[in-house]
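Novice: got a predicted structure here, sequence first:
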Amino acid sequence: MALTPTEQQAVDRLADYNSNRYDAATNPRGLAGEGYKTEIPRLANDASTAANAVSRIAGDVAAVEVAVTATAASIAGSIASAVTVSPQGAALVAAATPAAARSVIGAVTTADLPTQASIVSTVLPFIHAYSFA
C-alpha cells in the first residue's frame, strides 16, 4: 500500500506550492505573478495524482478488511466446530442478555471449557496459513 514514485513526487511537490511570486530559480512553485500560468495546471495534476493515490490505497485497505473479516469468521467457525460444548455451555452461549447469562453461569463447570491444547491445535494452523509476512 505504498505510494508509487510518481505519487510520492506529486505529494512532495504539493507541499512546495505557495502564494509567493513565481521565480524559476528561487521559487519554482510560486503561484503569484506569472506562476499561475505554469504552476496552477501542475498543482491541479499533482492534486489529482494524490487524490487517485488516496482512492487506490482506500481500496487496498477495504480489500484487506474483507480478507481479515473472512479469516476471522473462518477461524471462529473452525473453533466452534472443533470444540465440544456441554448443554450448559451451549445455553450460556445462547443467552442473549447479561441477566440470562448470569442465570446459566451457576450450572456451568470447568468441564464446559475447552482445553488449552484443543484451542492451540485448532487456531495455530489458521494463524500460520493467514499470517501476513
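Specialist: Cool, the structure landed. Numbering: from 1, shown residues only.
Novice: the domain parsing of this structure - what is it?
Specialist: Listed by automatic domain parsing, the domain ranges of the chain are 1-82, 84-133.
Novice: those domains: lowest mean pLDDT?
Specialist: Among these, domain 84-133 carries the lowest mean pLDDT, at a mean of 56.
Novice: quick one, helices of this structure?
Specialist: Using DSSP state H, the helices of the chain run over 5-14, 35-82, 87-94, 98-105, 116-130.
Novice: so which elements touch the longest one?
Specialist: Secondary structure elements in contact with helix 35-82, counted by 3 or more CB pairs under 8 Å, 6 or more residues apart in numbering; DSSP states H and E, are helix 5-14, strand 30-32, helix 116-130. The way it works is simple: take the backbone N, C-alpha and C, and place the C-beta from them, glycine included.
Novice: got the angle for it vs helix 5-14?
Specialist: Here the directions of helix 35-82 and helix 5-14 differ by 130 degrees (axes from the mean of the first three to the mean of the last three CA atoms, to 10 degrees).
Novice: residue 24 versus residue 38, what's the distance?
Specialist: 9 Å (CB to CB, to the nearest Å).
Novice: which one of the two has more residues nearby?
Specialist: Neighbour comparison, residue 38 and residue 24: the larger count goes to residue 38, with 14 against 10 (by other CB atoms under 10 Å).
Novice: now the more buried one, nearest residue through space, not along the chain?
Specialist: Of all residues not flanking residue 38 in the chain, residue 22 sits nearest, at 7.5 Å (CB to CB, 6 or more residues apart in numbering).
Novice: ok, that neighbour - contacts?
Specialist: Going by CB atoms under 8 Å, 6 or more residues apart in numbering, residue 22 touches 28-36, 38-39.
Novice: swap in residue 43?
Specialist: Applying CB under 8 Å, 6+ apart, the residues near residue 43 are 14, 17, 31.
Novice: between those residues, which sits nearest residue 58?
Specialist: Within the contacts of residue 43, the smallest distance to residue 58 is 18.2 Å, found for residue 14 (CB to CB).
Novice: ok, now which ones touch the closest residue in space to that closest one that isn't next to it in sequence?
Specialist: Take residue 14 and drop its neighbours on the chain: the residue closest to it by CB to CB, 6+ apart is residue 46, 5.3 Å away. Residue 46 makes contacts with 10-11, 13-14, 17, as judged by CB under 8 Å, 6+ apart.
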